[in-house]
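Colleague: Sequence and computational prediction follow.
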Amino acid sequence: MLAPTKHRFNVKEYYRMAETGVLRPDARVELLNGEIIDMSPIGPFHGGVTNYLIEIFTAASKGRWMTSVQNPVRLDDHSEPQPDLVLLKPSPDFYRRQHPQPTDVYLLIEVSDSSLASDREANFRLTGARELPKSGLST
């Protein structure tokens, strides 16, 4: 008997599901390693920390980077997360033709107040980094 396997979706299939209504227009989902993952609702703490970071990084940019908030980053054909904040290389078209790629990213931040353990494990594997960050922002 064959062991059950998961079907991994690629970015093209993911967008097709949204276009055809398989995924609702208001669905809070992202594609990670070929799996469609439900995103948690944004609570006040999460939103406030994100707003604080936007303020700091936008004020400090002086045209050196673009600050992108909760927009997709195309990591590969099977992953397109929507991190809370990304500092990107400036682009003349503001990434209207395609989502940023890993080579466009200076810094990517995921604010995690309720899902830290799962975010650290799942998202970390996608980055190719060698070790997990030692701590997170807290109040």
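Modeller: Sure, I can see it. All values reported here derive from a predicted model rather than from experimental measurement.

Colleague: From the contact counts, what lies against the helix ranked longest in the chain?
Modeller: Among the segments of the chain that qualify as a helix by DSSP state H, the longest is helix 44-61. For helix 44-61, the contact count by 3 or more CB pairs under 8 Å, 6 or more residues apart in numbering; DSSP states H and E identifies strand 66-69, strand 85-88 as packing neighbours. From N, CA and C alone the C-beta is placed, and that goes for glycine too.

Colleague: So what touches that helix?
Modeller: Residues lying outside helix 44-61 but in contact with it, judged by CB atoms under 8 Å, 6 or more residues apart in numbering, are 42, 65, 67, 69-70, 84-85, 87, 109, 111-114, 137, 139.

Colleague: on that earlier part again, pick the most deeply packed of the helices and strands packed on helix 44-61.
Modeller: Neighbour counts (mean count of other CB atoms under 10 Å) averaged over each of the helices and strands packed on helix 44-61 peak at strand 85-88, with a mean of 22.

Colleague: Name the residues that touch that strand?
Modeller: 50, 53-54, 57, 61, 65-71, 73, 95, 100, 104-109, 111.

Colleague: Could you identify the buried members of those?
Modeller: Judged by neighbour count, with 16 or more other CB atoms under 10 Å as the criterion, the buried members of those are 50, 53, 57, 65-69, 73, 95, 100, 104-105, 108-109, 111.

Colleague: Where does pLDDT dip in the protein?
Modeller: Low-confidence segments of the chain, defined by pLDDT under 70: 1, 114-139.

Colleague: dump the residue contacts of Leu31.
Modeller: For Leu31, the set of contacting residues under the criterion of CB under 8 Å, 6+ apart consists of 9, 11, 14, 37, 78-81.
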